[in-house]
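Student: Structure here, sequence nowhere to be found:
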């Protein structure tokens, strides 16, 4: 599942693939924002991404559909 995180005052967004489900990611984001804590997510390669919740601009969670391969003409 693709996750995009926009960070305040940063020109680029964090984009990564996660093996966690949509509901799990949403729960972590809601909990971190409510507690004023950091958001800690793991990508599909086992790396940990940590973002302070007070610096979040947005979190976009993609659907779990199949990835397309090939060229579009």
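Tutor: Happy to help now that I have it. On a predicted model such as this, the values are computed, not experimentally measured, just so you know.
Student: going forward, measure contacts and count neighbours with C-alpha atoms only.
Tutor: OK.
Student: Any idea how many residues pack against residue 23?
Tutor: Around residue 23 there are 10 other residues, counting by other C-alpha atoms under 10 Å.
Student: what ranges do the helices span in this protein?
Tutor: For the chain, the helices defined by DSSP state H cover 22-35.
Student: which regions of it lie under the pLDDT threshold?
Tutor: 64-73 (pLDDT under 70).
Student: which residue sits closest to the one residue sitting closest to the centre of the chain, ignoring its sequence neighbours?
Tutor: Relative to the mean C-alpha position of the chain, the nearest C-alpha, by C-alpha atoms, centre = their mean, is the one of residue 3, at 3.5 Å. Using C-alpha to C-alpha, 6 or more residues apart in numbering and skipping residues adjacent in sequence, the residue nearest residue 3 is residue 61, 4.7 Å away.
Student: Ok, residue 59 next?
Tutor: Spatially, and ignoring its direct neighbours in sequence, residue 59 is nearest to residue 5 (4.5 Å; C-alpha to C-alpha, 6+ apart).
Student: Roughly how far does the one you found sit from residue 37?
Tutor: Computed as C-alpha to C-alpha, to the nearest Å, the residue 5 to residue 37 distance reads 16 Å.
Student: So these two - more neighbours on which side?
Tutor: Summary of the neighbour comparison: residue 5 and residue 37, criterion other C-alpha under 10 Å, with residue 5 having more neighbours (17 against 14).
Student: can you tell me which residues contact that one?
Tutor: With contact set as C-alpha atoms under 8 Å, 6 or more residues apart in numbering, residue 5 has these partners: 13, 14, 15, 56, 57, 58, 59, 60.
Student: Can you tell me which of these is closest to residue 26?
Tutor: Closest to residue 26 out of these is residue 59 (9.0 Å), distances taken as C-alpha to C-alpha.
Student: What's the local residue count around that closest one?
Tutor: The local packing count at residue 59 equals 17, with neighbours defined by other C-alpha under 10 Å.
Student: What backbone torsions are found at residue 8?
Tutor: Residue 8 adopts backbone torsions of phi -60, psi 140, taken as degrees, to the nearest 10.
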